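In: Take a look and give me a structure for this.
(chains A and B)
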There are 2 protein chains.
Amino acid sequence: MKTKSVKGTRDYLPQEAELRDRMQKKIVDIYRQNGFSRIMTPAVEDIENLDKSDGGDNLNLIFKIMKRGDKLQKALENGKENELCDMGLRYDLTLPLTRYFAANRQNLPYPFKAIQTDKVYRAENPQKGRLREFMQCDIDVIGDPEPECEIELIAVTAKALRALDIGSFTVRVNDRTVLNAMLSAFGFANEELPSVCISFDKFDKIGVDGVSNELTEKGYDKSAIEKLSDVLSKLPLTLDKVTEIVGEETTARLSKIINASREIANGNYGVEFDISLVRGQGYYTGTVFEVRSENFGSSVAGGGRYDNLIGKFIGENIPACGFSIGFERIFSILIEQKRAVSSKNKIAIFYEDNFSDVYAKAEELRKEYDVAIFKKPKKQGAFLNRLQTSGFVGFAYADGNVKLFEK
Amino acid sequence: MKTKSVKGTRDYLPQEAELRDRMQKKIVDIYRQNGFSRIMTPAVEDIENLDKSDGGDNLNLIFKIMKRGDKLQKALENGKENELCDMGLRYDLTLPLTRYFAANRQNLPYPFKAIQTDKVYRAENPQKGRLREFMQCDIDVIGDPEPECEIELIAVTAKALRALDIGSFTVRVNDRTVLNAMLSAFGFANEELPSVCISFDKFDKIGVDGVSNELTEKGYDKSAIEKLSDVLSKLPLTLDKVTEIVGEETTARLSKIINASREIANGNYGVEFDISLVRGQGYYTGTVFEVRSENFGSSVAGGGRYDNLIGKFIGENIPACGFSIGFERIFSILIEQKRAVSSKNKIAIFYEDNFSDVYAKAEELRKEYDVAIFKKPKKQGAFLNRLQTSGFVGFAYADGNVKLFEK
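Out: Below you'll find the model as predicted:
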């Protein structure tokens, strides 16, 4: 037998599993308090749904499940590779949410505020440090076009992040329509905007000159590129400055979101306008946001408005906006910091030929501790050692006097 | 897009998802209190591990995941069906537990008390009312040969079932070595015992005559069949009666388990010896148990000792015993009974052009309710109706006065 878990997947040791449970519970509890409802969908989806979905590069990373029985035999005889499969593992939670909403909308409130926290699968190259099976943790509001929707998503996600105790963080906010209006004002043509955004999005990595060179190579208007470079060299740009360029009407919605979010934040976290925030996904249509943790030096959540995605799938115009917490990133940092994972400490209690008494004593001790019963080991030193390294804090005999391990 | 979830899988509506969450939390909390540790393993396993595992008929129900890229191309050119896949979805949690234990044992206490609650996958025929994606909910003790291990597993599983509030239930206990000793005493040959057990296990469905006829067809000793039929016609058989047949030494261990379990049960649930309990799985080597719910009229948990299974995989003799709660069965009955799923009630609060005030009011109300913020709808009657049918108990305007729906 191969004892290692398959490539790109992980086994979680007891302390890791407990931290993951507690993280998930904290997040879901806060989302529920705020009137969001958890839904659950299968990890497997119809292969055609997956193939036709708006997943960009992720469509190349789908794990496909083979047909079975006669259907597989027929497909093998036909020899067509794409007919060998009938299902695939989901690569994100957005396609399942869309399908779920279409299938169950008559039983859901509208607007619908959804929580999803579940595993997704991508055939990534694990050498890049990416997992092939990982948790996503999303809230989405389906059916609400108002800016209050964004304000609430930011407030609720920030609450969850504070509950996870990740230290100080800043929510960065932008709006693609504002960004596009600015690029238009600089002189880029409408049809050039998506390509300009792709270059612009690399600003963090390649700097002003990199972006400028790339746009020049793409053959765009020299004066437009110069105006953009000028702005990029003066970052951070205030929303007032951008408003001067694109007009008050264009920035009013974004301005409202940022001001209200800052008011709710009440100094507990930052809320900043960031014209350089694009976020890769092609499906975002308006507001985009990202949370940067100062302690972790990285993005720990992101999302935005995607008003055309759900409608495209169910043939009807339906606005939507979502925010996703980077569960795996936060988990990997918290576990490195050896955060206390449990509210209760775990101890062992030993029995010899007095199991009933020890069982009763264990029940008493369970008011204060999680208590595991073991037969008194022959090699007690080695046994206690192993208990300590696997997270127990102490032990007791039948008298129930708890001896705590020295740290 | 196909909006239905794929065959044999389910979407869960918010109230269903909440009940599932609460069931799982109750079970895991109790298991943790009792010193068991949750572990997490991937839903995908190496296809060879799965194929070589001890899963009986389940091996025909594995969902197989196709290779990708060059490896798939090569396999397609070779044209061998069984080379097309490199992974499969797990069909139970026992193989992953075995692999996990082998891979991580140096970091685990020994004996190791494991909790697993996770999804498994089987290509069942959904017409039989079986799901293809479903939850299993197991505790296992690896490395403990003592009868106290069984006593604890029964006590802890019963605690979890009581926490789920499923009404009265009885734990039925048997030991395959006792059953085998009785069958030997009747005159069946050792090599006949597995086959006799298979017929015997059908007793519930086909009755004394059915079992007797089947054994006669198999050509077994007439006098042995008569003695067995005689016992079957006088069920329930006491352990004392069986002890008379097989001797005290053979039943001592089982007797200890039943007496101690009854003492711990303290009248809160029944613990009964049941010589007719076999349980299908071939891998059980000693004690087997099953919990019968009187209200549900069905088995809601089952398990037993499987001392040879783990050793077979990791090449070393390792005793093991486990108990599995029938999560899906309990869920489907509780949801039918419309059990209250939430500790907190959910209400809506409506804003117009006063979002900040309403947000602050919602925060206050969250001490008592889960509160969802919505823009005041134009068609308020229809909107409130939908809220009520999807589980909300009331609503409020900006003044925060909660109006509860009439029931």
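
In: to the chain's geometric centre, what's the distance from stretch A:299-308?
Out: The chain centroid and the centroid of stretch A:299-308 are separated by 10 Å under C-alpha atoms, centre = their mean, to the nearest Å.

In: and what of stretch A:196-205?
Out: Mean-position distance between stretch A:196-205 and its chain equals 22 Å (C-alpha atoms, centre = their mean).

In: Stretch A:121-140 too?
Out: Its chain's average C-alpha position is 10 Å from that of stretch A:121-140, according to C-alpha atoms, centre = their mean.

In: Does at least one residue of the strand or helix carrying A:T117 sit close to chain B?
Out: Under the criterion of DSSP states H and E, A:T117 resides in strand A:112-121. Yes. Counting by C-beta under 8 Å from any C-beta of the partner chain, chain B is contacted by strand A:112-121 at A:113, A:119, A:121. Where you see a C-beta, it was placed from the backbone N, CA and C, and this is true even at glycine.

In: I would like the residues contacting that strand, please.
Out: Here strand A:112-121 makes contact (C-beta atoms under 8 Å, 6 or more residues apart in numbering or on different chains) with A:24, A:27-28, A:31-32, A:35-41, A:43, A:62-63, A:89-93, A:96-97, A:101, A:105, A:132-143, A:327, B:43-44, B:372.

In: tell me the angle of that strand relative to strand B:112-121?
Out: 110 degrees (axes from the mean of the first three to the mean of the last three C-alpha atoms, to 10 degrees).

In: Filter the contacts of strand A:112-121 down to the buried ones.
Out: A:24, A:27-28, A:31-32, A:35-41, A:43, A:62-63, A:89-93, A:96-97, A:101, A:105, A:132-143, A:327, B:43-44, B:372 (16 or more other C-beta atoms under 10 Å in any protein chain shown).

In: and A:R386, what does it touch?
Out: Taking C-beta under 8 Å, 6+ apart as the definition, contacts of A:R386 comprise B:108-110.

In: cool, A:I151 as well?
Out: By C-beta under 8 Å, 6+ apart, A:I151 lies in contact with A:256-257, A:260-261, A:264, B:355, B:359.

In: still on that earlier bit, could you give the separation of the strand holding A:T117 from the chain centroid?
Out: With C-alpha atoms, centre = their mean, you get 9 Å for strand A:112-121.

In: Which residues belonging to that strand are considered buried?
Out: Buried residues in strand A:112-121, defined by neighbour count with 16+ other C-beta under 10 Å: A:112-121.

In: what does the longest helix seen in chain A contact?
Out: Of all the segments of type helix in chain A, defined by DSSP state H, the longest one is helix A:14-33. Helix A:14-33 is touched from outside by A:12, A:38, A:115, A:117, A:135, A:137, A:139, A:156, A:159-160, A:163-164, A:325, A:327, A:330-331, A:334-335, A:339, A:341-342, A:390-391, B:18, B:21, B:25, B:28, B:32, B:37-40, B:108, B:344, B:366, B:370-371, with contacts defined as C-beta under 8 Å, 6+ apart.

In: Output that helix as PDB - backbone C-alpha positions only.
Out: The C-alpha trace of helix A:14-33 is given here as PDB (Å, rounded to 0.1, in the frame of the first residue of the first chain):
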ATOM      1  CA  PRO A  14      -5.500  15.800  15.200                       C
ATOM      2  CA  GLN A  15      -4.300  19.300  16.200                       C
ATOM      3  CA  GLU A  16      -4.500  20.500  12.600                       C
ATOM      4  CA  ALA A  17      -8.000  19.100  12.100                       C
ATOM      5  CA  GLU A  18      -9.100  20.700  15.300                       C
ATOM      6  CA  LEU A  19      -7.800  24.100  14.200                       C
ATOM      7  CA  ARG A  20      -9.600  23.700  10.800                       C
ATOM      8  CA  ASP A  21     -12.800  22.800  12.500                       C
ATOM      9  CA  ARG A  22     -12.600  25.800  14.800                       C
ATOM     10  CA  MET A  23     -11.700  28.200  12.000                       C
ATOM     11  CA  GLN A  24     -14.700  26.900  10.000                       C
ATOM     12  CA  LYS A  25     -17.000  27.100  12.900                       C
ATOM     13  CA  LYS A  26     -16.000  30.700  13.800                       C
ATOM     14  CA  ILE A  27     -16.500  31.800  10.200                       C
ATOM     15  CA  VAL A  28     -19.900  30.100   9.700                       C
ATOM     16  CA  ASP A  29     -21.200  31.200  13.100                       C
ATOM     17  CA  ILE A  30     -20.500  34.900  12.200                       C
ATOM     18  CA  TYR A  31     -22.000  34.500   8.700                       C
ATOM     19  CA  ARG A  32     -25.100  32.900  10.200                       C
ATOM     20  CA  GLN A  33     -25.500  35.600  12.800                       C
END
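
In: Can you give me the buried ones in it?
Out: Of all the residues in helix A:14-33, those buried under the rule 16+ other C-beta under 10 Å are A:14-24, A:26-28, A:30-33.

In: relative to strand B:112-121, how tilted is it?
Out: For helix A:14-33 against strand B:112-121, the angle by the same axes, to 10 degrees is 50 degrees.

In: picking that back up, check the contacts of A:R386 one by one and keep those near chain A.
Out: Okay, of the contacts of A:R386 touching chain A (C-beta under 8 Å from any C-beta), that's B:108-110.

In: Report the contact partners of the residue of the stretch 1-150 of chain A found nearest chain B.
Out: Nearest to chain B, among the residues of the stretch 1-150 of chain A, is A:G35, at 2.3 Å (C-beta to the nearest C-beta). By C-beta under 8 Å, 6+ apart, the contact set of A:G35 is A:113, B:346, B:348, B:370-373.

In: Among the contacts of strand A:112-121, which lie within helices?
Out: Of the positions in these, A:24, A:27-28, A:31-32, A:96-97, A:101, A:327 sit in helices, assigned by DSSP H.

In: Make CSV out of those residues and add pLDDT and distance to B:G79.
Out: Shown next, in CSV, are the ones in helices among the contacts of strand A:112-121 (pLDDT from 0 to 100; distance: C-beta to C-beta, whole Å):
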residue, pLDDT, distance to B:G79
A:Q24, 96, 45
A:I27, 97, 48
A:V28, 96, 48
A:Y31, 97, 50
A:R32, 95, 52
A:P96, 95, 35
A:L97, 96, 39
A:F101, 95, 42
A:F327, 96, 42
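
In: so which of those residues comes closest to B:G55?
Out: Of all the ones in helices among the contacts of strand A:112-121, B:G55 sits closest to A:P96, with 28.2 Å by C-beta to C-beta.

In: Correct me if wrong: that closest one contacts A:T41.
Out: Yes. A:P96 is within contact range of A:T41, at 4.0 Å (criterion: C-beta atoms under 8 Å).

In: Show me whatever sits in contact with both of these two.
Out: Listed contacts common to A:P96 and A:T41 are A:90, A:116; contacts here mean C-beta under 8 Å, 6+ apart.

In: Quick check: the closest residue in space to A:K256 that isn't next to it in sequence vs A:T389, distance?
Out: Counting by C-beta to C-beta, 6 or more residues apart in numbering or on different chains, the nearest residue to A:K256 once its immediate chain neighbours are dropped is A:P147, at 5.1 Å. Look at A:P147 and A:T389: by C-beta to C-beta, to the nearest Å, they are 52 Å apart.
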